[in-house]
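Asks: please work out how this folds:
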Amino acid sequence: MDWDDGSGTGWLGPFASGDTIVVADSWQRGGPMAVRCQARDSLGPNPDWSAPHVTNISAEGVVKWDYCLGRPRFSGPAVGPDQTIYVSCEGGGLLALNPDGTLRWAAPARAWSSPVVAADGTIHVLGCPQGASGYYALAYTPDGAERWRFPIPYGLRWGAPALGPDGTVYVISYADTVYAINPDGTRRWTLASQRFTWTDFAIAPDGTIYLGCGLDSLQALNPDGTVKWRVPAGLMRPAALAIGADGTLYHCGGLAGSPWLDARDPDGTPRWQCPLPDGSESSPVIGPGNTIYLCTEFSGTVAVSPDGVLRWRVPDTENSASPAVRQDGVLYRVNENGIFTALNPDGSVRWKQNLEEDTYAARIAVMPDGTILVCTESALVALAGTSPLADSPWPKHGHDLRNTGRVGGR
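Replies: Just a heads-up that it's a prediction; the model follows:
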């Protein structure tokens, strides 16, 4: 068999005359493939090949490249305005990669969070610079030079920083203090002793900051650091929130045995609750048509209508990280065993790819050309895709390719 990609099977058999033979192959590129076969018998090979059978192979899901990171921790990639890819890893610092996966620069630091890219190209990450001790919010220029460092006493939560509409950087410390840092690295304000959870920030267009408080409350802060409101929200799961086009807040909650997806008005008033088959530490994402998607811990991925009705569930017995949705409504998810799945808008499986390495809390990014980025335990992997990230209210964890955590932060 000649697979039209430079490879073949060699001679197979022998087989009896008239036998049906099934032979399979996988291609590492897409496009039309002209497959041919050749036969031989006891007199030797027939010099003629069969007429080519042309089949169109989709390149979706094929590994384009990977880059070894060491330990990316709970990090996901960010993509800057010029398509530079930024990713952090505990052992290798903050890395900038070209879109083809080659290294542009590396900033020496122990970087612990997903990077966040400001409108001017400044890269923000949580970690510790080389040669220093302690915990910092760090800012780097687009060419990798350290711009400033802001010390965070008592450590950092495993969340990412977020960016307000005016460029303010928001960080939560392990001492349950919110820090608001000006774009030049000076302190704007702090809000202490709020019992914040591991939820990442979700920021509305007017600058209102939403996040979990304790294990049972949802809180909104004004851009000046004053408390706007705080409401009981049941048991908050340690996951990020999402904000809909009309300002609706979505988060996961529920007591043991009765988890739910919660929807609330911008003032915290309950709108509806949708029972879930299992708890979730996934950020809800919102796709075209305002369908809400999230991955549960051990029961798969669910789709919920804008009015709170469960539309479908695709089972998966392994915990999956936050999904991402692309412009044509296809949903991406990856579970802890490294099985990456693309689901059609109706929940049917489009394709799967085994990344051959575990993932944990992986955050998926989709570049403008459709390339899919995801971190495994030791590498950043790029998969081929055909559609960009959805232009929807909240298409991925962190909202956008720059990971701003803010509505409007494209």
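
Asks: residue contacts, the closest residue to residue 188 other than its chain neighbours?
Replies: Leaving out its chain neighbours, the residue that sits closest to residue 188 by Cβ to Cβ, 6 or more residues apart in numbering is residue 180, at 4.1 Å. Where you see a C-beta, it was placed from the backbone N, CA and C, and this is true even at glycine. Applying Cβ atoms under 8 Å, 6 or more residues apart in numbering to residue 180 gives the contacts 164, 168-170, 187-190, 225.

Asks: who's residue 180 bridged to?
Replies: Applying DSSP bridges to residue 180 gives these bridge partners: residue 170, residue 189.

Asks: swap in residue 230?
Replies: Applying DSSP bridges, one finds that residue 230 bridges with residue 219.

Asks: correct me if wrong: it contacts residue 212.
Replies: No - counting by Cβ atoms under 8 Å, residue 230 does not reach residue 212; the two are 10.6 Å apart.

Asks: the two: which is more packed in?
Replies: Neighbour count, other Cβ atoms under 10 Å: between residue 230 and residue 212, residue 212 has more, with 26 against 15.

Asks: mind telling me what element the more buried one is part of?
Replies: For residue 212, the host element (DSSP states H and E) is strand 209-213.

Asks: tell me the mean pLDDT for that strand?
Replies: Regarding strand 209-213, the rounded mean pLDDT is 87.

Asks: closest one of the contacts of residue 180 to residue 275?
Replies: residue 170 (32.0 Å; Cβ to Cβ).

Asks: check contacts around that closest one.
Replies: 161-164, 178-181, 201, 203, 209, 405.

Asks: can you tell me how far it is from residue 367?
Replies: Separation of residue 170 from residue 367 (Cβ to Cβ, to the nearest Å): 26 Å.

Asks: quick one: residue 348 and residue 364, what's the gap?
Replies: 19 Å.

Asks: and the two? Which one has more around it.
Replies: Neighbours per residue, other Cβ under 10 Å: of residue 348 and residue 364, the larger number sits with residue 364, 28 against 9.

Asks: where are the low-confidence patches of the stretch 101-250 of the chain?
Replies: 158, 193-199, 214-215, 235-239 (pLDDT under 70).

Asks: for the stretch 251-400 of the chain, same thing?
Replies: In the stretch 251-400 of the chain (pLDDT under 70), the answer is 255-257, 361.

Asks: what about residue 8, how many neighbours?
Replies: Neighbour number of residue 8 under other Cβ under 10 Å is 15.

Asks: same deal with residue 319?
Replies: 21.

Asks: quick check: it touching residue 299?
Replies: No - taking contacts as Cβ under 8 Å, residue 319 lies outside contact range of residue 299: 9.9 Å.

Asks: so what's residue 139 up against?
Replies: Neighbours of residue 139 in contact, by Cβ under 8 Å, 6+ apart: 122-124, 146-149, 169, 185.

Asks: quick one: contacts for the nearest residue to it once chain neighbours are set aside?
Replies: The spatially closest residue to residue 139, leaving aside those adjacent along the chain, is residue 147, at 4.2 Å (Cβ to Cβ, 6+ apart). By Cβ under 8 Å, 6+ apart, the residues touching residue 147 are 122, 139-141, 185.

Asks: buried residues of the helix or strand harbouring residue 147, list them for me.
Replies: Assigned by DSSP H and E, residue 147 belongs to strand 146-151. Buried residues in strand 146-151, counted by 16 or more other Cβ atoms under 10 Å: 148-150.

Asks: centre of the chain to it, how far?
Replies: 26 Å (Cα atoms, centre = their mean, to the nearest Å).

Asks: would you list the strands that that strand pairs with, along with their directions?
Replies: Assessed with DSSP bridges, strand 146-151 is paired to strand 136-140 (antiparallel).

Asks: name the helices or strands packed onto the strand holding residue 212?
Replies: With contacts defined as 3 or more Cβ pairs under 8 Å, 6 or more residues apart in numbering; DSSP states H and E, the packing partners of strand 209-213 are strand 202-203, strand 217-221.

Asks: please identify the most buried of the ones you listed.
Replies: Mean neighbours per residue, mean count of other Cβ atoms under 10 Å, is largest over the helices and strands packed on strand 209-213 for strand 202-203, with a mean of 26.

Asks: contacts for that strand?
Replies: Against strand 202-203 from outside (Cβ under 8 Å, 6+ apart): 162-165, 170, 209-211, 240-243, 249, 399, 404-407, 409.

Asks: which ones among the residues you listed lie within strands?
Replies: 162-163, 170, 209-211, 242-243, 249 (DSSP state E).

Asks: which two among those are spaced furthest apart?
Replies: 163 and 249 (18.8 Å).

Asks: please, where are all the helices along the stretch 201-350 of the chain?
Replies: Counting by DSSP state H, counting those that start in this stretch, the stretch 201-350 of the chain has no helices at all.

Asks: for residue 133, see how far away residue 356 is.
Replies: 36 Å.

Asks: ugh, typo on my part, it should be residue 169
Replies: For residue 169, the distance to residue 133 - Cβ to Cβ - is 22 Å.

Asks: the two: which has the busier surroundings?
Replies: residue 169 (22 against 7).

Asks: my read: the more buried one touches residue 125, true?
Replies: No - contact criterion Cβ under 8 Å: residue 169 and residue 125 do not qualify, at 10.4 Å.
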